[in-house]
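J.: sharing a model prediction with you, sequence too.
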Amino acid sequence: QLVESGGGSALAGGSVRLSCAASGYTFNTYSWFRQAPGQEREGVAAIDTGDGSTYYLNSVEGRFTISHDNAKNTLYLQMDNLKPEDSAMYYCAARKGTACYKERYMYDYWGQGTQVTVS
């Protein structure tokens, strides 16, 4: 089970940190996706907890940071210098396999999402 938290409203240039608590299993790879109204769900960032490799969507590179706390089995997404176009529902996703993927179909487990609105 994946449960997101930390969403909300922020001003442009501000910061928000999302959390995703995993229970029942320790996955190897985690990712954050987002979906704005009328748009496809896109992979924002991913992390392989085995080797620490990460993936970032070009538009968030340098502004967002994905991390995972093994002791808490919790995934984070630190979002800085937010822009209005970052507004979306953000979803946590996980897979048992290794390696980072940006494709939605590579992830088997999903949270219910948390809304981020930037104005």
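T.: Cool, got the structure.

J.: which parts of the helix or strand hosting residue 65 are buried?
T.: Residue 65 is part of strand 64-69 when elements are defined by DSSP states H and E. Of all the residues in strand 64-69, those buried under the rule 16 or more other C-beta atoms under 10 Å are 64-68. Backbone N, C-alpha and C define where each C-beta goes, glycine included.

J.: please apply the same query to stretch 72-86.
T.: Neighbour counts over stretch 72-86 (16+ other C-beta under 10 Å) mark 73-77, 79, 82, 86 as buried.

J.: between the residues you listed, which is nearest residue 55?
T.: Checking the buried residues of stretch 72-86 against residue 55 with C-beta to C-beta, the nearest one is residue 77 at 12.5 Å.

J.: could I get the contacting residues of that closest one?
T.: Counting by C-beta atoms under 8 Å, 6 or more residues apart in numbering, residue 77 touches 17-18, 20, 32, 44-45, 64-66, 90.

J.: filter these down to the buried ones, ChimeraX style.
T.: To isolate the buried subset of those in ChimeraX, counting by 16+ other C-beta under 10 Å, use the following:
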select :18,20,32,44,45,64,65,66,90
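
J.: sort out for me which of the contacts of residue 77 are in strands.
T.: Those of those mapping onto strands are 17-18, 20, 32, 44-45, 64-66, 90, per DSSP state E.

J.: let me see the mean pLDDT of the strand holding residue 65.
T.: Looking at strand 64-69 alone, the average pLDDT works out to 97.

J.: who does that strand pair up with?
T.: Strand pairing for strand 64-69, using DSSP bridges, gives strand 74-79 (antiparallel).

J.: picking up where we left off before, make a markdown table out of the ones in strands among the contacts of residue 77 and add distance to residue 101.
T.: Shown next, in a markdown table, are the ones in strands among the contacts of residue 77 (distance: C-beta to C-beta, whole Å):
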| residue | distance to residue 101 |
| --- | --- |
| 17 | 23 |
| 18 | 19 |
| 20 | 17 |
| 32 | 12 |
| 44 | 12 |
| 45 | 11 |
| 64 | 17 |
| 65 | 19 |
| 66 | 13 |
| 90 | 17 |
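
J.: tell me the one of the residues you listed nearest residue 119?
T.: Closest to residue 119, out of all of the ones in strands among the contacts of residue 77 and judged by C-beta to C-beta, is residue 90, at 16.3 Å.
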